[in-house]
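> turn this into a structure:
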Amino acid sequence: MHSLLPLLFAAVMGMGHAFEPDHLLAVSTLVARHDQLRAALKNGLFWGLGHTTMLIVFGGLLILGRATFLQSHYFEAVVGVMLIGLGISRLVDKNSYQPVQVTRQRPGLAYTVGLVHGLAGSGALVLLALSAIPGVAGALAYILLFGLGSVLGMLVAVSLMRIPFTPRMRLGRRLRAGAVVLSSGLSVGYGSWMIYSNWLP
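This next block holds a predicted model:
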């Protein structure tokens, strides 16, 4: 029973990991483009799958190949660049300001965003996994459960993000525009801070 506790803890930690600011900001720029909860959840799901894919692939390389160079903080700066791009793209997208919008689902973009986030977090997660469970098999299982937990956590986060845009609580045009500008500004600002703190001296 005690040997299972770290694995259960990994799933719980993964759920909490989905609620980190850079994850929420990135996914919010994607899900708010959709008027339907189903489409928004699909983006959240693909973000989680991309995030988990990269954790397993690069986490496995770190564990099996001792590729410590993959723990570079420059990957965090790459996430910052991505946040700036997502924030600006939403800010200039005219459809973002419409109370009712019909947009194409872009699961490929959500998956790519998840891949980048997984790349940035692989190094620290591997160190945590190895400290919790010695051995390659146990560490890989830890990473997998962490990733699956992050998928579930992001689905919960997306459901909460959609509440202001449901038919009963739909934001007015001006309020929606203000929300778009605010969230886009936060995405650009937080992304700039990530670049400054991880790339620039």
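
> off-centre distance for the lengthiest helix in the chain?
Identified as the longest helix of the chain according to DSSP state H is helix 37-65. Centroid separation for helix 37-65 versus its chain: 9 Å, with C-alpha atoms, centre = their mean, to the nearest Å.

> mean confidence score for it?
For helix 37-65, mean pLDDT rounds to 85.

> mind listing what's buried in that helix?
Counting neighbours by 16 or more other C-beta atoms under 10 Å, one finds that the buried residues in helix 37-65 are 37, 39-52, 54-56, 58-60, 62-63. For every residue, glycine as well, the C-beta is placed using N, CA and C.

> pull the distance from stretch 129-147 to the chain's centre.
Averaged C-alpha coordinates place stretch 129-147 at 20 Å from its chain's average position (C-alpha atoms, centre = their mean).

> state the pLDDT value of Thr68.
On the pLDDT scale, Thr68 is placed at 52.

> actually, Ser183.
Model confidence at Ser183, given as pLDDT, is 83.

> ditto for Pro134
pLDDT, read off for Pro134, is 74.

> going forward can the numbers begin at 12, since that is how I track them
In the new count, where the first residue is 12, that last one comes out as Pro145.

> three-state assignment of it?
The local conformation at Pro145, judged by DSSP: H, G, I helix; E, B strand; the rest coil, is coil.

> gap between it and Tyr153?
Using C-beta to C-beta, to the nearest Å, Pro145 is found at 11 Å from Tyr153.

> ditto for Ala131
Applying C-beta to C-beta, the value for Ala131 to Tyr153 is 18 Å.

> tell me what the longest helix of the chain is packed against?
In this structure, helix 48-76 packs against helix 32-42, helix 118-143, helix 147-172, with contacts taken as 3 or more C-beta pairs under 8 Å, 6 or more residues apart in numbering; DSSP states H and E.

> what pLDDT, on average, does the shortest one get?
In this model, helix 32-42 has an average pLDDT of 85.

> list the buried residues of it.
Going by neighbour count (16+ other C-beta under 10 Å), the buried part of helix 32-42 is 33-42.

> need those residues in JSON lines (columns: distance to Val192).
Output for these, formatted as JSON lines (distance: C-beta to C-beta, whole Å):
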{"residue": "Asp33", "distance to Val192": "19"}
{"residue": "His34", "distance to Val192": "21"}
{"residue": "Leu35", "distance to Val192": "17"}
{"residue": "Leu36", "distance to Val192": "14"}
{"residue": "Ala37", "distance to Val192": "17"}
{"residue": "Val38", "distance to Val192": "18"}
{"residue": "Ser39", "distance to Val192": "13"}
{"residue": "Thr40", "distance to Val192": "12"}
{"residue": "Leu41", "distance to Val192": "17"}
{"residue": "Val42", "distance to Val192": "17"}
